[in-house]
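**Student:** I need the structure of the sequence given here:
(2 chains)
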There are 2 protein chains.
Amino acid sequence: MLFLVGTGLAKKDISYNAIEICKNCELFADRYTANMDQEKLDFLAETIGRRISELTRSDLEEESRELVERARRSDVAILVGGDPLIATTHKILFIQARRLGVPVHVIHASSITSAIIGESGLDFYRFGPICTISRWTERYKPTSFYETIQRNMQSNSHSLVLLDYDSESATSLGVKEAMAILEAAEAKHRQGIITPKTQIFVMHNISVEGQSRELTTVSEAEKISFKDGMTAIILPARLSEVEREIIDSIYG
Amino acid sequence: MLFLVGTGLAKKDISYNAIEICKNCELFADRYTANMDQEKLDFLAETIGRRISELTRSDLEEESRELVERARRSDVAILVGGDPLIATTHKILFIQARRLGVPVHVIHASSITSAIIGESGLDFYRFGPICTISRWTERYKPTSFYETIQRNMQSNSHSLVLLDYDSESATSLGVKEAMAILEAAEAKHRQGIITPKTQIFVMHNISVEGQSRELTTVSEAEKISFKDGMTAIILPARLSEVEREIIDSIYG
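**Tutor:** All right, here's what the predicted structure looks like:
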């Protein structure tokens, strides 16, 4: 059996259930997901009482067949940050197992999107499709997030925008850089959805140590800087009366 | 301090973190959320090693001030099913605490929406706003879900549709009844989004015992019946090539 085990957001977010299962498995960890640092890995190895082997990106993707075949012979658990099956890497493993006829079971855990949406105070039912702002390079400057935000605004839905996360440095794209990219996308598409005064929620390290949330504007957000950790922003649609009340009590 | 403690979906989904915190708190439980039955409550009381008092709906809503004031004097944890801050009831407590200046901390846990979207195999980034089909009564036949699904289809986004959950019987609205409501809404609005051949994912008890997922059609789904548990459906937009491959390997 192959277990894809979510370890959630915070260091000790792994479930009782997952700990029980992992005690009887050969353990591997995906260090490339967010919310899976050395401190957490050490805690997990100690709590479960077993050695955890770290996987490279290629173990998880190109070589995923090998992991799956190993799970045919004995119980294998792959520990990942957050909730599994959101990252493409984990989906590849899941599908590989289904294709090769190896039983696969997912242990769910706290999820960044559910946590951020909940902690924002905005109405859960009003979020449109989620998108990500990727880091720009000299040659690659994707702006597909802009179209998602625009469609969400048109249908009066909130936009949860994840900022590109780099597992090496354990840091998201900076808020200042994200604002510059938003403004550059606006300059390119000119739909008037991003202005210096556009309201924006900046959600940082939600549910882990040093959590912060702020309701500000695009121009003010340019001054925000975090040492490290995971950041997301929310571009809200028009707030309902109830949302306005809730937001005032949280951020006021 | 007031702790809103998510206990996740499955019986043993509570996190290591949450168990540690609860050991030093006066404990209450919201029995009105999904994923919080007697068996789970018994497991939690035994694992944490403390008595858990059950709260009525009025304790949680009209009388929420009392719970919050109690949390000013000593540490209080309220155990809820799934991830907190999705249900309005938990949001009310959260906001009440913020307003009264009582520190409130949320312990996140596995979330029904993240789990269902992940287990469906569909692209996480392609889901539009979520909606719920409520039980119809003689006088109250809401069809607002239809407008949400229609808007999602227009923007080529998937629709996750929760089926009304009744905590007394621990059962969602039946799939057969849900199909009848979908078809009645179609007859009323006539936008051609629901036909007998419309593809539909039926997701039942995801991440708990007796989990099942099926890709079928509206007319075939009418034959599906579950004894109890939580059910959701997904009305997919046009599948991408990658999604088609994934879906074939999961449901094929």
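**Student:** can I get the CA coordinates of the helix ranked longest in chain A in PDB?
**Tutor:** Taking DSSP state H as the criterion, chain A has its longest helix at helix A:175-189. Taking Å, rounded to 0.1, in the frame of the first residue of the first chain, the C-alpha atoms of helix A:175-189 are listed here in PDB:
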ATOM      1  CA  VAL A 175       5.100  41.200  -1.600                       C
ATOM      2  CA  LYS A 176       6.900  44.200  -3.100                       C
ATOM      3  CA  GLU A 177       7.900  42.100  -6.200                       C
ATOM      4  CA  ALA A 178       4.400  40.700  -6.400                       C
ATOM      5  CA  MET A 179       2.900  44.200  -6.400                       C
ATOM      6  CA  ALA A 180       5.400  45.200  -9.200                       C
ATOM      7  CA  ILE A 181       4.300  42.200 -11.300                       C
ATOM      8  CA  LEU A 182       0.600  43.000 -10.700                       C
ATOM      9  CA  GLU A 183       1.200  46.500 -11.900                       C
ATOM     10  CA  ALA A 184       3.200  45.400 -14.900                       C
ATOM     11  CA  ALA A 185       0.400  43.000 -15.800                       C
ATOM     12  CA  GLU A 186      -2.100  45.900 -15.500                       C
ATOM     13  CA  ALA A 187       0.100  48.000 -17.700                       C
ATOM     14  CA  LYS A 188       0.000  45.200 -20.300                       C
ATOM     15  CA  HIS A 189      -3.700  44.300 -20.200                       C
END
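**Student:** parallel or antiparallel, list what pairs with the following helix or strand past it.
**Tutor:** For helix A:175-189, the following helix or strand on the C-terminal side (DSSP states H and E) is strand A:199-204. Using DSSP bridges, strand A:199-204 pairs in its sheet with strand A:212-217 (antiparallel), strand A:231-235 (antiparallel).
**Student:** now the worst-scoring helix or strand of chain A on mean pLDDT: how far from the chain's centre is it?
**Tutor:** In chain A, no helix or strand scores lower on mean pLDDT, DSSP states H and E than helix A:57-60, which sits at a mean of 86. Centroid separation between helix A:57-60 and its chain, computed with Cα atoms, centre = their mean, to the nearest Å, is 19 Å.
**Student:** now do stretch A:41-59
**Tutor:** The answer for stretch A:41-59 is 20 Å, by Cα atoms, centre = their mean.
**Student:** any bit of that stretch sitting next to chain B?
**Tutor:** Yes: applying Cβ under 8 Å from any Cβ of the partner chain, one finds stretch A:41-59 in contact with chain B at A:Thr47. Quick note: C-beta positions are derived from backbone N, CA and C, even for glycine.
**Student:** list the buried residues in that stretch.
**Tutor:** A:Leu41, A:Phe43, A:Leu44, A:Ala45, A:Ile48, A:Ile52, A:Leu55, A:Asp59 (16 or more other Cβ atoms under 10 Å in any protein chain shown).
**Student:** ok, these vs chain B, which is closest?
**Tutor:** The shortest gap between chain B and any of those belongs to A:Phe43, at 8.6 Å (Cβ to the nearest Cβ).
**Student:** got the angle for the longest helix of chain A vs strand A:231-235?
**Tutor:** 40 degrees (axes from the mean of the first three to the mean of the last three Cα atoms, to 10 degrees).
**Student:** which elements pack onto helix A:175-189?
**Tutor:** strand A:131-133, helix A:144-154, strand A:159-163, helix A:218-221, strand A:231-235 (3 or more Cβ pairs under 8 Å, 6 or more residues apart in numbering or on different chains; DSSP states H and E).
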